[in-house]
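Asker: Requesting a structural model of the entry that follows:
(chains A and B)
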Amino acid sequence: MSRPTVFRLTFWKLVFLFLMAAGLYATFLRFTRGLGASTNLSDQFPWGIWISFDVLCGVMLAAGGFTLTATVHILNIKRMHSIIRPTILTAFLGYVLVCIALMYDLGKPYNIWHPLIMRNPHSVMFEVAYCVMLYTTVLALEFSPVVLERFNLEKPLKVIRKILIPLVIFGVILSTLHQSSLGTLYLIMPEKLHPFWYSPLLPVFFFLSAIAVGLAMTIFESSMSSKHFGLQLELPVLQELGRVLLVVLAVYGILRLEDLANRGVLRMAFHRSYETYLFWLEIALALILPLILLCQKRVRTSPQGLYFSAVLVVLGFITNRMNVSITGFEGSTGVRYFPKWSELAVTGMIIAAGFALFGMAVKYLPIFPKEELAIEGAAEPEETVPVTSAVLEHAGD
Amino acid sequence: MSKALLYDSTICIGCKQCEQACATQNDLSYDDAIAAEEYQSAHKLTCIVTRNDKFVRRLCMNCQEPSCASVCPVGALKKTALGPVTYDPTKCMGCRYCMVACPFSVPKYEWGKLFPKVQKCIMCPDRVANGKPTACAEICPTGATKFGERDELVAEAQKRIRDNPGNYVNHIYGLEEVGGTSVLLLSAVPFETFGYKTDISKDPLPMLTYRVLSHIPDFVPLGGMFLGGVWWITHRREEVALAEGQQVPAERKNGGKR
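Answerer: Residues are numbered from 1 along each chain as shown, chains lettered A, B, ... in the order given. Sure thing, here's the model as predicted:
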């Protein structure tokens, strides 16, 4: 154990180092030259990829946290307990990274705390700011038992367990609010956002798709973890998630179709235009393909089928968020936006940091249950040493 | 009472003195190169647009119910009772939601600066508060830009159209657009010619988001109660199942409901 570990350069480490270096240089540019020099943003296009991907997609991708805590703690479905820790970890990291990304995008990041004291209850952004701030705190508390267990801190652990249920309820409410509010943000611009994406139902769509992506991300992340950290795949749990995902997607699909038909936009979907192509890409990835796949029992029960469907859903709704926030505005502003290399570099660095932090947390903290004992309840603070040492064997990855 | 500006493009001679006065008023530089720019920017808060020898002015409409002020999370943008929509750069954190939300895409950003501000015409709030007209209205040699009470200016605009129907399109731009604005425009040619959107909503846009936001105070306690209720039911079910499984202690337990 005590023998010094030799640093081996693997392919992924190289990618990671490259992303970090590019990102740090872009960070330097952003904070020494300003937004104009480091982005392709303009007066016509004030919101770019840092809002579209880092914030809108980031929050959506972290939605597994509230979906799964509600399932386990509120609906009391204990089978799901084995995957709750990695999911909360994903969500917590996601929100922390969203907050970091915001520091890049805000023109005056040092004023980020202003909504705390300068309140405008009419502003959706104000509500989102508050919810994200509070929910990040909730996630930190929900995640804290993992850290507390690691260091055997009994007293605070007891306190957290006492307040866990109210905490979970609070977290679910906060998530419902801000996941939908990210859609509400765009309600005030009926003339600017393309009719494919502007809808009075935007808050509902954003909320439902957040649940779908939350489930898909949980499947994705469990599959990845089982492959990468050599854990046993919780197949029955994932199969159940797949079934729920199918239902959520179906509900979303019906609502979306009905909304497009009601607003008379459906016939526009067959005109040739830039927006139409991206609209169909989104619909195909997020709805048509996963619905066809998940409807088949063969796919829904196989690990690869579930994994592939989940990836499609995630990519589909990433396309959706990008369409709402970028594609949908290119028509009305008359400007094409494509991110500058430095914008991509920062986003790449943040994603890379997310993966690295996840790996580190798994390495040093009791995130995954010991496989042999399928621990239900998991109330007792288990021995942490075997878990960490088991994971340490894969530390080189 | 609320003040407003009435701009009559049929009287405007395109001398651009309003641009210059505006730059001086807001401590912005102004030269021939800037004068030639026909669009608003962080260094040019109003501009004269020329189309086929016709002029029209562009500036912040200072809406009666402004989207920008509604969306600003920190209340840096505010509609004052006198009419101007003002901006406090010390509050602003630079989220740029105002720029995205503005139906006229008016607010501009100092992209080149490290500590950037939003820039837009704020309708000279200090002058207006002291009973003076805006800088642009004061300098205008022909009276194309006129400052006054909004009600009176609306009446005057209606009178001008009534007296000379051949001179104007029958539309006071800003009377009803997005619930009315503090800048009113008259023109001889359709407003679309100058890039003014005419298919714009007649209702104030902030209602669209507030309709949703106003449900939050109800949603939080109801949602909490609902989730708490579900939690209670699912855990009670478990307790009961547990108790039924263990016959003997169950009888004891069921006696007094906890």
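Asker: So A:Gly34 sits against B:Lys117, correct?
Answerer: No - counting by C-beta atoms under 8 Å, B:Lys117 is not a contact partner of A:Gly34; they are 12.0 Å apart. Heads up, the C-betas are built off the backbone N, CA and C, glycines and all.
Asker: From A:Leu306, how far out is the closest residue to chain B within the stretch 1-150 of chain A?
Answerer: Scanning the stretch 1-150 of chain A for the residue nearest chain B gives A:Gly107, at 2.2 Å (criterion: C-beta to the nearest C-beta). The gap separating A:Gly107 from A:Leu306 is 43 Å, by C-beta to C-beta, to the nearest Å.
Asker: Between the two, tell me which one has more neighbours.
Answerer: A:Leu306 (26 against 22; other C-beta atoms under 10 Å in any protein chain shown).
Asker: just checking, what packs against whichever strand or helix holds that one?
Answerer: Using DSSP states H and E, A:Leu306 sits in helix A:303-322. Secondary-structure packing of helix A:303-322 (3 or more C-beta pairs under 8 Å, 6 or more residues apart in numbering or on different chains; DSSP states H and E): helix A:58-61, helix A:202-228, helix A:235-262, helix A:274-283, helix A:289-295, helix A:297-301.
Asker: Mind checking the pLDDT average for the second one?
Answerer: Same thing as helix A:202-228. What helix A:202-228 shows for mean pLDDT is 92.
Asker: The shortest one too?
Answerer: Helix A:58-61 shows an average pLDDT of 94 in the prediction.
Asker: max-length helix in chain A?
Answerer: Assignment by DSSP state H gives helix A:154-184 as the longest helix of chain A.
Asker: now chain B
Answerer: Assigned via DSSP H, chain B shows its longest helix as helix B:216-245.
Asker: could you check the angle helix A:154-184 makes with that helix?
Answerer: On the basis of axes from the mean of the first three to the mean of the last three C-alpha atoms, to 10 degrees, helix B:216-245 is oriented at 130 degrees to helix A:154-184.
Asker: List the buried residues for helix B:216-245?
Answerer: Under the neighbour-count criterion of 16 or more other C-beta atoms under 10 Å in any protein chain shown, helix B:216-245 has B:223, B:227, B:231 buried.
Asker: correct me, but A:Ile165 touches B:Trp231?
Answerer: Yes - when contacts are counted by C-beta under 8 Å, A:Ile165 is listed as touching B:Trp231 (6.0 Å).
Asker: Report the set of residues contacting both of the two.
Answerer: A:73-74 (C-beta atoms under 8 Å, 6 or more residues apart in numbering or on different chains).
Asker: The longest helix of chain A packs against which elements?
Answerer: The contact analysis (3+ C-beta pairs under 8 Å, 6+ apart) places helix A:154-184 against helix A:58-61, helix A:64-69, helix A:124-150, helix A:202-228, helix B:206-213, helix B:216-245.
Asker: Out of these, which is closest to A:Gln296?
Answerer: helix A:202-228 (16.0 Å; C-beta to C-beta).
Asker: Quick one: distance of the closest one to the chain centre.
Answerer: Taking C-alpha atoms, centre = their mean, to the nearest Å, one finds the center of helix A:202-228 at 7 Å from the center of the full chain.
Asker: For the residue in chain B positioned nearest to chain A, what are phi and psi?
Answerer: Chain A sits closest to B:Gly94 of chain B, with a gap of 2.2 Å, by C-beta to the nearest C-beta. In terms of degrees, to the nearest 10, the main-chain angles of B:Gly94 are phi 80, psi 30.
Asker: dump the residue contacts of it.
Answerer: Going by C-beta under 8 Å, 6+ apart, the list of residues near B:Gly94 reads A:106-109, A:111, B:116, B:118.
Asker: and with 10 Å instead?
Answerer: A:35, A:105-112, B:76, B:109-110, B:115-118 (C-beta atoms under 10 Å, 6 or more residues apart in numbering or on different chains).
Asker: Looking at the residues you listed, which two lie furthest apart in space?
Answerer: A:Ile112 and B:Glu110, at 18.5 Å, using C-beta to C-beta across these.
Asker: Please say which of those two ends up with more neighbours.
Answerer: Counted by other C-beta under 10 Å, A:Ile112 and B:Glu110 do not tie: B:Glu110 has more neighbours, with 20 against 17.
Asker: thought the more buried one was touching B:Pro116?
Answerer: Yes - using C-beta atoms under 10 Å, B:Glu110 is in contact with B:Pro116, at 3.8 Å.
Asker: Tell me the residues that contact both of those two, please.
Answerer: A:34-36, A:107, B:42, B:89, B:94.
Asker: what about burial for those residues, which qualify?
Answerer: If we count by 16+ other C-beta under 10 Å, these have these buried: A:34-36, A:107, B:42, B:94.
Asker: what residue lies at the spatial centre of the chain?
Answerer: Answering for chain A, as no chain was given. A centroid search over chain A (C-alpha atoms, centre = their mean) returns A:Leu61, at 1.5 Å, as the residue closest to the centre.
Asker: Hmm, no, I was thinking of chain B.
Answerer: By C-alpha atoms, centre = their mean, chain B has its centre lying nearest to B:Pro66, at 2.9 Å.
Asker: In contact with it: list those residues for me.
Answerer: B:60, B:72, B:77-79, B:85, B:98, B:101-103, B:106, B:178-179, B:181-182, B:204-206.
Asker: Contacting chain A as well, which ones from those?
Answerer: The overlap between the contacts of B:Pro66 and the neighbours of chain A (C-beta under 10 Å from any C-beta of the partner chain) comes to B:72, B:77-78, B:98, B:101-103, B:106, B:178, B:205-206.
Asker: which of the residues you listed sit farthest apart?
Answerer: B:Lys78 and B:Pro103 (17.9 Å).
Asker: between those two, which one's more packed in?
Answerer: For B:Lys78 and B:Pro103, the more surrounded residue by other C-beta under 10 Å is B:Pro103, and the numbers stand at 22 against 18.
Asker: Next, work out how far apart that one and B:Lys197 are.
Answerer: 8 Å.
Asker: Please enumerate the shared neighbours of these two.
Answerer: With C-beta under 10 Å, 6+ apart, B:Pro103 and B:Lys197 have common neighbours A:191-192, B:177.
Asker: For A:Gly305, which non-adjacent residue is closest in space?
Answerer: Using C-beta to C-beta, 6 or more residues apart in numbering or on different chains and skipping the chain neighbours, the partner closest in space to A:Gly305 is A:Val299 (3.4 Å).
Asker: Which pLDDT value belongs to the one you found?
Answerer: pLDDT, A:Val299: 91.
Asker: That one: what's it in contact with?
Answerer: A:242, A:290, A:292-293, A:305-306, A:308-309.
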